[in-house]
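Trainee: whatever this is, show me its structure:
(chains A and B)
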Amino acid sequence: MSSTLEYELAELIINFCNVEDVSPSDIPSESPLIGPDSPFGLDSLDAVEVVVAVQKTYGVRIGGEKTSREVLQSLTALADFIRREKRE
Amino acid sequence: MKIDFPHQQFAHCESGVTTNLLNYHGFPCSEALVFGIGAGLFFGYVPFIKLNFLPLTTFRTAPGSIFAKATKRLGIEVKREKFRDPLAAEKKLDELLAAGRPVGAQTGVFWLPFFPPAYRFHFNGHNLVVIGKEGDDYLISDPIFEEPVRCPAADLRKARFAKGALAPKGKIYYVEKMAEQFDVPGAVTAGIKEVCRGMLKTPVPMAGVRGIRLLARQLEKWPAKLGDKQTLLYLGHVIRMQEEIGTGGGGFRFIYAAFLQEAAEILKNDELLDLSNHCTEIGDLWRDFALLASRVCKGRATITDSFADLADLLRQCATEEQLLFTRLNATICR
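Mentor: Sure, this is the predicted structure:
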């Protein structure tokens, strides 16, 4: 895990999506968040949960032309998106 | 042979394809502007039409209409063709590519090998642009993907002739001639009027704001009528149509909010900025609905406790959309 924000996001996803038997430190930053290769074991229905959790916690909206598909590629992509939105 | 095509990734396939094609042909525009001019926003719940055995729920207009309406309103001449014979369809595609023309095509997602297996499902309304051919591979600009992709000719043939609901029948479309001048304010106004009409004044109870209320009424009855297993399938289908198909979670309400922001500038009408904010709030309301629904599907909320709340959220969406489009119609017709 390369940054605190990425660790925080892993914790957030684990809590919101009730992911069991996974610790934030087990999650590689570049792994896909959604789909069969996701270490969280999340599917597209969980994606809604992650999008809302991020909006409520960090006050940034994943929507419009900045799609969740793009942003939810990995913890790094999600963290970069939040940093970018917070700067603007 | 490859056309030098400015591929960009977008939220939704058809508005993305149209935007990329218009950018290529010299009309710089955003996806939101194309979506708005093409009057892409809609709601329909048609329980007697089934998609994958589940009632049709749509948050946008029919496949093909965004391209058709956006180009028509901008005065652009286009050509659309369908085919019975896959080989004739391929021959025509090759001829157009050889003439240096990028070609839009309707396809079935399930047969496109460049989609990860987890995302391949039987949906025949997916749009992409074919931008070249090398050997037996077509080069494709699919706005869902970050970079252009390759697709073997045999797979593209299957995707263009996928069977079932919304069967593409080899459909292609391309720009024949660009307009010399574009009446963008006129096109924006016409697009807005059409969306308001579709959401407020439809003669059938399955469409627009009335359609949202119909879904609310029917959804409340699903647990008793269908049983738990079927209820969860129906509910999951509604969320997938809202959050996933074509939008990748972007949500058509958010794209429309971005369009209203651009429209405010184009039409010099600040009221549209307020309406854009309202549209974003409505997008959030739809997302609250999707959130609760996904919790129910995942077993994190109970069916018995949640369906009245889900129906209430839908009714709130209907009330807010009625307000939004009534105000939008008033300001645009003033």
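Trainee: wait, B:Cys279 touches B:Gln261, no?
Mentor: No: with contact defined as CB atoms under 8 Å, B:Cys279 does not reach B:Gln261; the gap is 9.2 Å. For the C-beta atoms, the positions are set from N, CA and C on the backbone; glycine is no exception.
Trainee: mind saving the C-alpha coords of the least confident helix or strand in chain A by mean pLDDT as CSV?
Mentor: Least confident helix or strand, chain A: helix A:68-71 with a mean of 76, by mean pLDDT, DSSP states H and E. Presented in CSV, the C-alpha positions along helix A:68-71 are these (Å, rounded to 0.1, in the frame of the first residue of the first chain):
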residue,chain,number,x,y,z
SER,A,68,-17.1,5.1,-11.9
ARG,A,69,-15.7,2.5,-14.4
GLU,A,70,-12.6,4.7,-14.8
VAL,A,71,-12.2,5.8,-11.2
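Trainee: what about it and chain B, touching?
Mentor: Yes: contact of helix A:68-71 with chain B (CB under 8 Å from any CB of the partner chain) involves A:68-70.
Trainee: scan the chain for its longest helix.
Mentor: You didn't pick a chain, so chain A it is. Ranked by residue count, the top helix of chain A under DSSP state H comes out as helix A:44-58.
Trainee: meant chain B, my bad for not saying
Mentor: Under DSSP H, chain B gives helix B:208-243 as its longest helix.
Trainee: packing partners of the helix or strand that that one is followed by?
Mentor: Along the chain past helix B:208-243, the next helix or strand (assigned with DSSP states H and E) turns out to be helix B:252-266. Helices and strands touching helix B:252-266, by 3 or more CB pairs under 8 Å, 6 or more residues apart in numbering or on different chains; DSSP states H and E, are helix B:31-37, strand B:41-51, strand B:54-60, helix B:184-200, helix B:271-297.
Trainee: mind checking which of the ones you listed is nearest chain A?
Mentor: Minimum separation from chain A across these (CB to the nearest CB) falls at helix B:271-297, 4.2 Å.
Trainee: follow-up on the earlier one: buried residues, the longest helix of chain A. List them.
Mentor: Under the neighbour-count criterion of 16 or more other CB atoms under 10 Å in any protein chain shown, helix A:44-58 has A:44-54, A:58 buried.
Trainee: angle of that helix against helix B:271-297?
Mentor: Relative orientation of helix A:44-58 and helix B:271-297, computed by axes from the mean of the first three to the mean of the last three CA atoms, to 10 degrees: 120 degrees.
Trainee: and helix A:44-58, anywhere near chain B?
Mentor: Yes: using CB under 8 Å from any CB, we find that helix A:44-58 touches chain B at A:44-49, A:51-52, A:55.
Trainee: residues in contact with A:Val71?
Mentor: By CB atoms under 8 Å, 6 or more residues apart in numbering or on different chains, A:Val71 lies in contact with A:62, A:77-78, A:81.
Trainee: do the same with B:Ile144
Mentor: Contacts of B:Ile144 (CB under 8 Å, 6+ apart): A:69, B:9-10, B:13, B:16, B:248.
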